[in-house]
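# No letters, just coordinates:
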Ligand SMILES: Cc1cc2nc3c(=O)[nH]c(=O)nc-3n(C[C@H](O)[C@H](O)[C@H](O)COP(=O)(O)O)c2cc1C
């Protein structure tokens, strides 16, 4: 019997697909789709998640839809811009809308973009956050420094080494998600 495809959600810590993080998540999802996954991109421009604690936030139907969609996924490809040495508030707020019951035991691939030189701050902070949610962040990760120059006009990464790392990250997320699914 043919296996049901893995379902993978893309999450960006910036608004819109034309942001660098939107582009990076889009590229990662394309690679996941090429490997047979069903992919979904949660576009905050179309479906913005309210700030946690803002008036009316707990009854906002978008948050329920987001939680349901996250619950239906096997894994996540996530990218945040680095802001002041850590993930963006948008990224953190997105994660604040899910709990262990939605994403526990699911697999995460972590990416970050920086205006300056690459480092692992944002990746490390996201790794801690994912652990708190009982998610499984794969060991591969990708930081793209000097991100303004990182993409060509077709939305591909200019640097071949970064492209290979992205491919390896996506493969690892799918392999690990498959392993966890088959172990249930
Ligand atoms: C408020 C703010 C803080 C930032 N802090 C950093 C930083 O600490 N280190 C860095 O390399 N770039 C920093 N940047 C640059 C962003 O990382 C860069 O613009 C972003 O990765 C581009 O992705 P985007 O197009 O998805 O927004 C900062 C940008 C903003 C707006």
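In hand now; what should we look at? Small disclaimer: the values here were computed from a predicted structure and weren't measured.
# alpha carbons only for contacts and neighbour counts from here, please
Noted.
# Output the longest helix belonging to the protein.
helix 160-182 (DSSP state H).
# Buried residues of that one, list them for me.
163, 166, 168-174, 176-178 (16 or more other C-alpha atoms under 10 Å).
# between those residues, which is closest to residue 100?
residue 177 (16.2 Å; C-alpha to C-alpha).
# Hmm, that closest one is touching residue 73, no?
No: counting by C-alpha atoms under 8 Å, residue 177 stays clear of residue 73, with 9.8 Å between them.
# Need the overlap of contacts for the two.
By C-alpha atoms under 8 Å, 6 or more residues apart in numbering, residue 177 and residue 73 have these common neighbours: 6, 106.
# The ligand contacts on the chain?
When proximity is defined as C-alpha under 6 Å from any ligand atom, the chain approaches the ligand at 14, 19-21, 81-85, 113-117.
# Next one: the residue most central in space within the chain from residue 3, what distance?
The centroid of the chain falls nearest to residue 78 when counting by C-alpha atoms, centre = their mean (1.3 Å). With the distance defined as C-alpha to C-alpha, to the nearest Å, residue 78 ends up 25 Å from residue 3.
# Repeat that for residue 133.
From residue 133 over to residue 3 the distance is 27 Å, taken as C-alpha to C-alpha.
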